Each structure stands twice: as structure tokens, then as C-alpha cells.
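> Here is my input; please provide its structure:
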Amino acid sequence: MSVFGIGVAYGVATLLVMFSGMPIAFALGAVAIVFMGIYMPTASLDTVTQNVYEEMASITLLSIPLFILKGAAIGKSRAGQDLYSALHAWLHRVPGGLGVANVFACALFAAMAGSSPATCSAIGSAGIPEMRKRGYSGGFAAGIIAAGGTLGILLPPSITMILFAVAAEKSLGRLFLAGIGPGLLLVSLFGAYAVFRFRREYAAAEAVYKNGGPEHAILARDEYTLAERFSVLPRVIPFVLLLTGVMIALYGGYATPSETAGLGGLLALALIAAIYSVWRPSDLAPIMKSTIRESTMLMMIIGMSLLYSYVMSYLHISQSVAESIVAMHLPRWELLFAILVMVVVLGFFLPPVSIILMTAPIILPPLRAANFDIIWFGVVMTIVMEMGLIHPPVGLNIFVIRNVAPDIPLREVIWGTLPFVLLMMLAVLLLCFVPEISTGLPDLVMGPDGSR
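Model (predicted):
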């Protein structure tokens with residue numbers, strides 16, 4: 001059979017197994033092993049465990065369970081709710097300040113946890129009921145939290161970026177640094193939309209009230225004294241200092257990403273023990289269980305995805321696809337557009353972890369040949385994958401929101417997230433025209449002739 005035929009069979013088999021309902025890790029591993037048995041030497045089956053172990057024996061990957069531990073320590077305590085309460089107290093005078101507070105809370109929590117679902121769950125459990133109580137529509141409240149949660153894979157420490165750095169063999173510290181500017185850009189866009197949407201809903205409710213209708217809850221205003229605002233800071237400042245310390249240790253060159261992850265995890269456990277008295281075995285059990293469960297799931301997906309990519313490379317599938325894309329001689333920006341569209345389509349069905357590990361061997365060679373900077377592309381690809389977290393049919397964050405707020409219809413949640421998908425598209429366009437937002441170096445995405 002030709003390489004094209006094997007590639008088609010490989011892709012179809014993967015889709016069939018995934019749609020059967022089998023967990024992603026086992027689906028990828030099963031397809032890889034079957035094709036190894038059919039098309040590769042028999043002896044290669046004896047090296048499956050060795051190949052998986054060697055691919056996973058990376059000091060960079062060690063940081064994943066440690067960052068997950070830090071996120072679980074914060075997410076399973078009251079830290080997320082306290083963070084949200086403090087931001088609301090200080091931003092309540094801003095139109096839509098409650099929505100803006102949730103965006104900032106998601107951003108700060110994401111920067112501490114590194115996980116989108118954890119951010120959605122921790123901030124959404126406190127933020128959505130408060131927004132609904134104050135008259136925000138269900139779709140608006142759900143959209144803010146679902147979109148804010150996606151910042152968990154963009155702002156460092158991002159587990160998704162760790163995997164991209166491994167797949168692309170690039171500096172993790174530099175990739176983390178490149179994600180800060182775009183992360184702040186998205187925070188600004190989401191916050192601006194929250195103010196705009198609040199003004200519309202407020203104006204509609206005010207018009208109804210002036211025409212003799214009932215007074216809507218959104219018309220009420222919260223008031224906090226200066227003393228009340230300062231009273232909420234003591235429990236939040238230690239976690240902000242934790243985030244600051246971790247960033248200084250990482251970007252100041254004082255510690256490697258793995259060492260920083262370990263430091264962050266230990267400090268997070270120490271803080272929740274000191275602030276929330278979470279130190280007994282019964283209190284720590286949910287944190288450890290959550291860490292082990294999520295770490296095991298991710299590491300299994302990583303291992304099987306790497307095996308899947310290894311088989312794809314051995315059978316020359318990924319190389320042939322890359323060669324075919326290059327042979328089309330697409331202009332460099334059309335090439336980038338085609339690849340990003342492919343990532344969007346894959347986002348309909350797959351989580352970011354699988355997308356990176358399955359597509360990196362295919363898409364990175366033609367991008368390098370077109371003189372795109374891979375660090376810059378990693379940031380752009382991350383934003384595009386964020387869209388997959390809040391659009392159907394998978395939309396992991398959508399289903400997290402449904403668990404947090406089951407009273408909001410799924411249709412409202414989906415419609416509430418769509419404006420944020422458009423804002424992410426706008427952010428991608430801005431990064432293409434102003435790459436300095438990400439890299440600070442304008443020549444990184446330019447061709448050798450200086451053209452873009």
C-alpha cells in the first residue's frame with residue numbers, strides 16, 4: 001500500500017476508535033500498536049514500552065504534575081473565591097465591574113493553576129451565582145467564565161505550552177515569556193467586552209423600568225467602604241506574592257521550569273495550610289487525588305500521543321504530509337491560514353494536548369521552511385486551540401460550566417461564548433500584524449527579504 005493509502009487508513013482508524021467512546025490515550029495507543037503490528041517489523045512491538053518511557057523521560061514533562069499540584073491546592077481551597085471577592089470589591093464601581101472582576105480572577109487563577117478546567121470550576125462556582133444574582137444574563141455570565149478559563153493554557157505556567165515546547169524542541173522559558181503579552185491582550189479584550197455587554201443589558205433593563213416595568217436586579221449597585229476593600233486583601237496577597245515569586249524564579253534564571261513548578265507546589269500547600277488550615281490528611285486527600293487523577297490522565301495521553309507520532313513518522317506519513325504542503329508552494333500567510341484552519345477543525349473533536357502531539361511533526365517543518373518563528377507560532381496556535389475549549393461539539397469548558405451552573409441551558413452557554421471566540425480571532429489577527437505583542441522582536445515572523 002502507498003504512503004497515501006496508509007496515511008488515510010491511519011487517520012480513518014483514529015477517528016473511528018475515538019468516536020467509539022474509547023478514552024483518547026487508549027485510542028491513540030491502540031491505533032499505533034495495530035499499525036506497528038501490520039506495517040512495522042515484529043521486533044518493534046517489543047520496544048513499545050521502551051519508546052514510550054524514553055519519550056516521557058523528559059525533565060520538562062516533570063513540571064506538569066507539579067504545576068497540577070499547585071493548581072489543585074489552590075482550586076480545592078477557598079483561594080479562588082477569595083480572589084474573586086477581592087477583585088469584585090475593588091472593581092465594583094466600573095460598569096460591568098463584576099464581569100471584569102471575573103475576567104481578572106480567571107487570569108490570575110489561570111496564572112497560578114495552569115489549567116483551563118480548574119480555572120472554570122474554581123472561579124465559576126463563585127462568580128456565576130453572584131453574576132446571576134445581580135441580574136447578568138445566563139449566557140453572559142457563562143461566557144465570561146468559560147472564556148476566562150481558556151487563559152489557563154496561555155498564561156504561564158501553561159501545561160499546553162510545556163507540551164508544545166517539548167514537541168517543538170524550543171525553550172520553555174522563552175515560550176512562557178512570549179505568552180504574557182497575548183494573555184494580557186485577551187484579558188483586555190474580554191474585559192472591554194464585559195463592559196460593553198453590561199452597558200447593553202443595563203440599558204435594556206433601565207428602559208423597561210422607566211416604562212413601568214419591574215426593577216431588574218442588574219440596576220442595583222454594590223457599595224464597599226474603603227475599610228471593607230482593604231479587609232479582603234490579606235488572604236489574597238500571599239497568593240499574588242506566590243505568583244510573583246514563581247515568575248521571578250523562572251524568568252530571573254534562578255530556577256528551571258521543573259524546579260519552579262516544585263517550588264510553586266510546595267509554597268501553595270504551605271499557604272493553604274497557613275491561611276485555610278488545610279493540613280490534615282483528610283483535607284489534603286482531595287488535593288492529592290485530583291493531582292494524581294489529572295496527572296495520570298495527561299501523562300497517559302502524552303505517552304500514547306508520542307507513540308502515535310512515532311509510528312506516523314516511521315511510516316513516513318507526517319513527512320509526506322509536510323512535503324505535500326510544501327510542494328503546494330502556498331504563499332507563507334496562506335500556509336499559516338491553512339494550518340490554523342486545520343487546528344480549528346481538530347479542536348471540534350480533540351483537546352489541545354492531543355492536537356499538539358499529533359500535529360507537531362506535520363506542521364512544524366513547513367512552517368520552518370516558510371521562515372515563521374516557532375515560538376511566535378506556538379502562541380498563535382495556543383490561542384486557536386483556546387477556541388476549541390469554548391466551541392461545540394467538544395468545548396471542554398462549556399461542559400465544565402454546565403456542571404457548575406446546571407440551571408443555565410446549554411444553548412445559552414454556547415451563544416454566550418461565541419463573542420469571545422470572535423475576540424480570540426481578533427487577537428490572532430493582531431498578533432499577525434503586530435508580532436511584537438508576543439515576541440518583542442519584529443523580525444521573528446518575517447521572511448529573509450523582510451517581507452511578511
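> So for the one residue sitting closest to the centre of the chain, what pLDDT did the model give?
Central residue of the chain (Cα atoms, centre = their mean): Ile153, 2.4 Å from the mean position. Note for Ile153: predicted pLDDT of 74.
> For it, which non-adjacent residue is closest in space?
In space, and not counting its chain neighbours, Ile153 is closest to Thr160: 3.9 Å by Cβ to Cβ, 6 or more residues apart in numbering. (Glycine included, C-beta is placed from N, CA and C.)
> ditto for Trp90
Residue nearest to Trp90 in three dimensions, not counting chain neighbours: Arg229, with 5.7 Å by Cβ to Cβ, 6+ apart.
> Looks like that neighbour contacts Ala89 (just checking).
Yes. Arg229 is in contact with Ala89 according to Cβ atoms under 8 Å; the separation is 4.7 Å.
> Neighbour count for those two, which is higher?
Neighbour tally, Arg229 and Ala89, criterion other Cβ atoms under 10 Å: the higher count belongs to Ala89, 19 against 14.
> mind checking how far that one is from Ser121?
Counting by Cβ to Cβ, to the nearest Å, the gap from Ala89 to Ser121 is 22 Å.
> hmm, back to that, so how far is Leu422 from the residue nearest to the centre of the chain?
Distance of Ile153 to Leu422, given as Cβ to Cβ: 19 Å.
> ok so, going back, where does the residue nearest to Ile153 sit, in terms of helix or strand?
Using DSSP states H and E, Thr160 falls within helix 159-168.
> what sits up against that helix?
Helix 159-168 is contacted from outside by 58, 60-61, 63-64, 67-68, 114-115, 153-154, 170-172, 175-176, 179, 257, 298, 302, 352-353, 356-357, 360-361, 364, 374, 378, 381-382, 385, using Cβ atoms under 8 Å, 6 or more residues apart in numbering.
> tell me the average confidence for that helix?
If you average the pLDDT values across helix 159-168, you get 83.
> Can you show me the CA trace of stretch 293-303 as CSV?
As requested, the backbone C-alpha atoms of stretch 293-303 are provided in CSV (Å, rounded to 0.1, in the frame of the first residue of the first chain):
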residue,chain,number,x,y,z
ARG,A,293,-6.0,11.7,38.6
GLU,A,294,-5.3,14.6,36.3
SER,A,295,-1.6,14.0,36.1
THR,A,296,-2.1,10.3,35.2
MET,A,297,-4.7,11.2,32.5
LEU,A,298,-2.4,13.8,30.9
MET,A,299,0.8,11.6,31.1
MET,A,300,-1.1,8.7,29.5
ILE,A,301,-2.3,10.9,26.7
ILE,A,302,1.2,12.3,26.3
GLY,A,303,2.8,8.9,26.2
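> Let me know the pLDDT of Leu189.
For Leu189, the pLDDT comes out at 94.
> likewise Phe349?
Listed pLDDT for Phe349 reads 62.
> follow-up on the earlier one: next SSE downstream of the helix holding Thr160?
Next along the chain after helix 159-168, taking DSSP H and E as the criterion, comes helix 172-210.
> Which positions in that following helix come out as buried?
Using 16 or more other Cβ atoms under 10 Å as the test for burial, helix 172-210 gives 172-173, 175-183, 185-187, 189-191, 193-194, 197-198, 201-202, 205.
> Skip the chain neighbours and tell me the closest residue to Leu330.
Using Cβ to Cβ, 6+ apart, the nearest residue to Leu330 is Ala338, at 6.5 Å.
> Which element, helix or strand, includes that neighbour?
helix 332-347.
> Then Leu422?
In this structure, Leu422 sits in helix 410-433 according to DSSP H and E.
> on contacts alone, who are the packing partners of the helix or strand where the residue nearest to Trp90 lies?
Per DSSP H and E, Arg229 falls inside helix 226-231. Using 3 or more Cβ pairs under 8 Å, 6 or more residues apart in numbering; DSSP states H and E, the elements in contact with helix 226-231 are helix 79-91.
> between the helix it packs on and helix 172-210, how many degrees?
Counting by axes from the mean of the first three to the mean of the last three Cα atoms, to 10 degrees, helix 79-91 lies at 60 degrees to helix 172-210.
> pLDDT averaged over helix 79-91 - what is it?
Mean pLDDT, computed over helix 79-91, is 76.
> any idea which helix or strand comes after that helix?
Note on helix 79-91: by DSSP H and E, the next helix or strand toward the C-terminus is helix 97-113.
> how far is the following helix or strand past that following helix from where the chain is centred?
Per DSSP H and E, the first helix or strand lying C-terminal to helix 97-113 is helix 116-133. In this view, helix 116-133 has its centroid 16 Å away from the chain centroid, taken as Cα atoms, centre = their mean, to the nearest Å.
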